[in-house]
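[1] What follows is a predicted protein model with its sequence.
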Amino acid sequence: MPRRELNRYPTAAALAAACAGEFLAFVAASSDQVTVAVSGGRIAKDFFIAVAQQAQAKGQSLSQAHFFWADERCVSPGDAESNYRSAAELLFNPMAVPASNIHRIHGDLEPDQAAHDAEAELCQFARLYLGNQPVLDLVLLGMGEDGHVASLFPGETEAVMNSPAVYRAVMASKPPPRRITLGYATIAAAREVWVLASGIGKEAALRESLAPQGKTPLARALRERARTRIFTELAV
């Protein structure tokens with residue numbers, strides 16, 4: 001059975017602070033570059049703020065971390081819906097992360113081209129294994145009310161979910177609809193995956209995702225991994 005480490009916190013703020021501390025320890029423990037894929041959403045913003053605050057308090061640099069994205073909306077980088085924008089404003093700029101360490105998905109390009117370019121760039125930095133599947137050191141995921149992670153939404157066919165594509169263009173079931181996402185295979189291949197499951201009304205989705213035969217995208221991602229860490233303030 002896949003192992004799920006469930007970490008519970010009293011509030012979303014406590015969750016973000018705890019995960020930020022774990023993240024900084026993870027980066028500091030590496031003597032080499034670390035490849036990280038981040039996500040968007042409210043809890044991601046709380047996480048970015050907490051990382052910047054804790055790193056500045058410790059005098060810790062993020063210079064060995066290379067940042068990629070679990071998903072991105074097909075918008076310009078300055079758009080309010082851009083996952084890149086929130087990370088830049090709340091983490092990269094306050095921490096003066098070198099521009100060469102930031103590998104955004106170009107959501108302002110044609111989606112298939114953006115997915116192709118994002119895959120090529122990730123493959124330049126990540127370790128590879130069989131089938132040239134890039135192995136990220138850490139993927140940070142949120143979870144939606146329907147159990148979606150990255151921009152992997154319910155309703156996809158088995159053939160699409162089994163795609164070995166590193167990044168692929170998708171039509172989401174919530175706006176903005178056009179997006180680029182990591183595929184299940186790349187999430188399964190990562191050294192570490194941490195899920196920040198937070199927010200009112202998401203308890204049922206998390207319970208379904210943790211069930212052995214759960215049908216949500218998160219449930220599938222969990223089954224495909226040997227170990228996943230889940231951080232949550234939800235009662236499950």
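    Received the coordinates, thanks.
[2] So for residue 130, what's the pLDDT?
    pLDDT, residue 130: 65.
[3] Could you do residue 174 as well?
    Looking at residue 174, the pLDDT reads 87.
[4] From residue 151, how far off is it?
    Residue 174 is 9 Å from residue 151, where distance means Cβ to Cβ, to the nearest Å. (C-beta placed from N, C-alpha, C; glycine too.)
[5] So between those two, which is more surrounded?
    residue 151 (27 against 12; other Cβ atoms under 10 Å).
[6] Residue 180 is in contact with the more buried one, correct?
    Yes. Shown here, residue 151 and residue 180 form a contact pair, counting by Cβ atoms under 8 Å, at 7.3 Å.
[7] which neighbours do the two share?
    Common neighbours of residue 151 and residue 180 (criterion: Cβ atoms under 8 Å, 6 or more residues apart in numbering): 71, 170.
[8] And the helices in this structure, which stretches?
    Using DSSP state H, the helices of the chain run over 12-28, 42-58, 83-87, 93-95, 111-125, 158-161, 184-189, 203-210, 217-223.
[9] Distance to residue 231, mean pLDDT and mean neighbour count added to these, as a markdown table?
    What follows is those, written out as a markdown table (distance: least, Cβ to Cβ, whole Å; pLDDT from 0 to 100; neighbours: other Cβ atoms under 10 Å):
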| stretch | distance to residue 231 | mean pLDDT | mean neighbour count |
| --- | --- | --- | --- |
| helix 12-28 | 5 | 98 | 18 |
| helix 42-58 | 9 | 98 | 18 |
| helix 83-87 | 18 | 98 | 22 |
| helix 93-95 | 21 | 98 | 15 |
| helix 111-125 | 24 | 96 | 17 |
| helix 158-161 | 25 | 96 | 10 |
| helix 184-189 | 16 | 96 | 22 |
| helix 203-210 | 11 | 97 | 19 |
| helix 217-223 | 13 | 97 | 23 |
